[in-house]
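*Asks:* Pasting a predicted model and its sequence here:
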Amino acid sequence: GSDGLCKKKDLIMSKFDALLAKLQKENTERNQTNTEAEKSKVAAYKAWLDAESSYRLQSEKVKEAQEGAAYARSQYEKWSATTTATAKRLQSMQAAYPKEKSAIEAEKNIINEILRLIGVLHEEPKTKAAEGSKPLTLAQI
């Protein structure tokens, strides 16, 4: 009986050893699979973070470009309005200036004639102190 018991014990121990070897092999395979899955998860998460970062950066660039375009548009509209107003003022000045210039020339001729008449009417006797003096101007009178 004890021989049969030893054989059964040896058989059971060999089965347990086989089971242990099989479980250790499966454990190693699962660990490798788990490690690969973890690496894959980390790589996917990093790729997602990179994509999210790139998306947010591009979104900010779009927002800034839209704000810049709106600013440029408003500046252009101000410039355009100023240019139009200046062109209108230039046209009115070009129309009015010849009339104003001829009026100023006429006034200048009248003032020169008045100064000449004042100079003739107001001649002073020439003395050494008066020599070299000029006729009085309108402001001096």
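*Replies:* Noted; the coordinates are in hand.

*Asks:* For the rest of this, base every contact and every neighbour count on C-alpha atoms.
*Replies:* OK.

*Asks:* how about the helices in this protein?
*Replies:* Assigned by DSSP state H, the chain shows helices spanning 2-121.

*Asks:* what residue ranges in it score low on pLDDT?
*Replies:* Scanning the chain for pLDDT under 70 picks out 1, 121-141.

*Asks:* Distance of the residue nearest the centre of it relative to residue 76?
*Replies:* Centroid-nearest residue in the chain: residue 68, 5.4 Å away (criterion: C-alpha atoms, centre = their mean). The gap separating residue 68 from residue 76 is 12 Å, by C-alpha to C-alpha, to the nearest Å.

*Asks:* and if you look at residue 96?
*Replies:* Computed as C-alpha to C-alpha, the residue 96 to residue 76 distance reads 30 Å.

*Asks:* now do residue 53
*Replies:* Applying C-alpha to C-alpha, the value for residue 53 to residue 76 is 34 Å.

*Asks:* Same question for residue 106.
*Replies:* For residue 106, the distance to residue 76 - C-alpha to C-alpha - is 44 Å.

*Asks:* ditto for residue 14
*Replies:* Computed as C-alpha to C-alpha, the residue 14 to residue 76 distance reads 91 Å.

*Asks:* How about the contacts made by residue 80?
*Replies:* For residue 80, no contacting residues are found, by C-alpha atoms under 8 Å, 6 or more residues apart in numbering.

*Asks:* now with 10 Å?
*Replies:* With contacts defined as C-alpha atoms under 10 Å, 6 or more residues apart in numbering, residue 80 is in contact with 74, 86.

*Asks:* Next up, the contacts around residue 40.
*Replies:* By C-alpha under 10 Å, 6+ apart, the contact list for residue 40 reads 34, 46.

*Asks:* from here on, count from 19
*Replies:* I'll keep to 19 as the first residue from here, and by that count the last item is residue 58.
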